[in-house]
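Engineer: Would you be able to build a 3D model of this:
(2 chains)
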Amino acid sequence: MSTLAMHASDGLLDAPTSLLFGAVAVSGLAVATVRARRELDDRTAPLAGLVAAFVFAVQMLNFPVLPGVSGHLLGGALAAILVGPWTGALCVSVVLVVQALLFADGGLTALGANITNMALLGTAAGYLVAVALRRFATRSRAGLLAVAFTAALVNTVVAAGGFVVEYAIGGQGAVSLGGFAAALLGVHVLIGIGEGVITALTVGAVASARPDLVHLLRGAPVARELAR
Amino acid sequence: MSAAKRGAWFFAAFAVVALVLAGVVSYFADGDPDGLDHVTTRGCTEIEGRLQGACPAAHAEDHALADSPLADYTVGGDDGLTGLAGVLGVLATLVVSGGLFWSLRTRSRSGRDTSRGP
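Structural biologist: Now for the predicted structure:
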């Protein structure tokens, strides 16, 4: 197995479970495609394309989290904060499809599970946290960075939780589910801290240059203040 | 600077950052297994290149497209060309997502757009 593989391979989940989450992913993407139309216009569509390309690039940059263990950005919260939750889910999905088809990263039968975890669940959780904390994000630059960090941390841990659920339904191997869940969630708390830092830096940079383009700040009267 | 120019500069800078991260910074990425890989291989030992034991990853199958030219972020298996693979990936993602989002967008009613990107 290559250490450059970043997403779940084929064979970790049994066929019925892979099929089930393939159906979940297709349904979720159908809804996201319809809803994303309302988030996309002549200004935001180019940004959304760039956000997907940026997520692809940053996913390549594994950072150390423990001796012998690395982590990388998932990008759902980052994309949702910048371009909206439905478009954000599509951004991460495009990245996962490109990785699976062009770079042999993330199994083809596991694609549904990978999209469900990283593009749908993680993005939704991260965006809900960002919206719940939105009043802090619009108040000050420090608030915006803290909200981006927190949303991204939650996004990472929830995406890992999605894989735990899939593994509980139809995982292969004979390891204890409790131990597996604890190890996977624990390491993804650490990865989530890295995800949080990257997301805060990126959202902060975009907000400095073009606060008007940050979806989470849309309609906020103080958006201009955040450009400082 | 006009709004249109400012928009173009911002989008160009964003694209350059993504290309530099994938093309150059990717050489400095940590090569250790990621969190998922690490946890799914726990409880197995590698014997002659194959994982043996109770861990989930012992059931992992080779990727169906493992022989494709950019597999594992290399070019033809050469990981010295990871940066080139990354640049191609950024461009492929940009084309697919850009095309998708541009076709999904709500067209501006005036027919004129003052802040269009590149």
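
Engineer: Let me know the distance separating the nearest residue to B:Ser68 once chain neighbours are set aside from A:Ala5.
Structural biologist: For B:Ser68, ignoring the flanking residues on the chain, the nearest one in space by Cβ to Cβ, 6 or more residues apart in numbering or on different chains is A:Ala104 at 5.7 Å. C-beta coordinates here come from the backbone N, C-alpha and C atoms, glycine included. When distance is defined by Cβ to Cβ, to the nearest Å, A:Ala104 is 8 Å away from A:Ala5.

Engineer: list residues touching both of these two?
Structural biologist: B:His63, B:Asp72 (Cβ atoms under 8 Å, 6 or more residues apart in numbering or on different chains).

Engineer: So the two - more neighbours on which side?
Structural biologist: A:Ala104 (26 against 23; other Cβ atoms under 10 Å in any protein chain shown).

Engineer: quick one on the thing from earlier: return the distance of the residue nearest to B:Ser68 relative to B:Leu81.
Structural biologist: Applying Cβ to Cβ to A:Ala104 and B:Leu81 gives a distance of 15 Å.

Engineer: now A:Leu185
Structural biologist: Counting by Cβ to Cβ, the gap from A:Leu185 to B:Leu81 is 36 Å.

Engineer: quick one: contacts for the most centrally placed residue in chain A?
Structural biologist: When Cα atoms, centre = their mean is applied to chain A, the residue found nearest the centroid is A:Gly76 (2.3 Å). Residues near A:Gly76 by Cβ under 8 Å, 6+ apart: A:Gly88, A:Ala89, A:Val92, A:Met118, A:Ala119, A:Gly122, A:Thr123, A:Ala124, A:Gly126, A:Tyr127, A:Asn155, A:Ala159.

Engineer: Check which residues of the helix or strand hosting the first one are buried.
Structural biologist: Spelled out, that is A:Gly88. Per DSSP states H and E, A:Gly88 falls inside helix A:85-102. Buried residues in helix A:85-102, counted by 16 or more other Cβ atoms under 10 Å in any protein chain shown: A:85-102.

Engineer: just stretch A:188-200 next, same as before
Structural biologist: Of the residues in stretch A:188-200, those buried (16+ other Cβ under 10 Å) are A:His188, A:Leu190, A:Ile191, A:Gly192, A:Ile193, A:Gly194, A:Glu195, A:Gly196, A:Val197, A:Ile198, A:Thr199, A:Ala200.
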